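Trainee: this is a predicted model, with the sequence first.
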Amino acid sequence: MCAILSRKKLPGILRLFILCISLVINISGLTQNIDTKDISNPDSLKLVKFTVRFHLSTLDKDDAAVLKGYVVNIDYDRAKRLDGKKIRITGYVSVIYSSLERKPGMPIPQGRQGPYKFIESPIIEIVK
């Protein structure tokens with residue numbers, strides 16, 4: 001960079017232009033962090049903790065259960081061990097937006113409709 005900006009090779013105004021462009025690129029790179037994941041939605045990346053009585057019947061075919069409005073992934077073997085027990089779930093929420101819409105005359109789309117709250121990497125504990 002210093003060789004490009006030497007006085008012998010470039011006139012002053014061009015040197016200043018290149019310096020400003022590199023400064024803008026560096027500053028914009030520093031502003032990207034995890035807090036900007038979904039700034040429009042206050043629920044995104046919020047830590048939640050709740051207690052619920054788990055039943056195997058709430059598990060769907062994708063090994064996910066909707067508990068207190070949150071989608072939580074629980075594999076089938078673990079779900080069998082947790083059946084009927086009171087559990088505490090802790091994790092960060094991600095809001096997933098889906099573009100699935102049922103249109104007349106078209107096949108029913110597979111998946112979840114509308115935005116739903118998904119708990120990433122849930123910590124599941126049995127409460128006595």
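Mentor: Perfect, I can see it now. Numbering: from 1, shown residues only.

Trainee: can you give me the end-to-end span of stretch 58-70?
Mentor: This stretch, stretch 58-70, spans 12 Å end to end (C-alpha to C-alpha, to the nearest Å).

Trainee: ok, and what's touching it?
Mentor: 48, 50, 52, 54, 71-76, 79, 89, 93, 117-119 (C-beta atoms under 8 Å, 6 or more residues apart in numbering). C-beta coordinates here come from the backbone N, C-alpha and C atoms, glycine included.

Trainee: wait, which of those residues is closest to residue 25?
Mentor: residue 93 (32.9 Å; C-beta to C-beta).

Trainee: next up, identify which helix or strand residue 48 is on.
Mentor: Under the criterion of DSSP states H and E, residue 48 resides in strand 47-53.

Trainee: which helices and strands does that strand pack with?
Mentor: strand 86-96 (3 or more C-beta pairs under 8 Å, 6 or more residues apart in numbering; DSSP states H and E).

Trainee: could you pull out the strands in the chain for me?
Mentor: 47-53, 64-67, 70-73, 86-96, 116-126 (DSSP state E).
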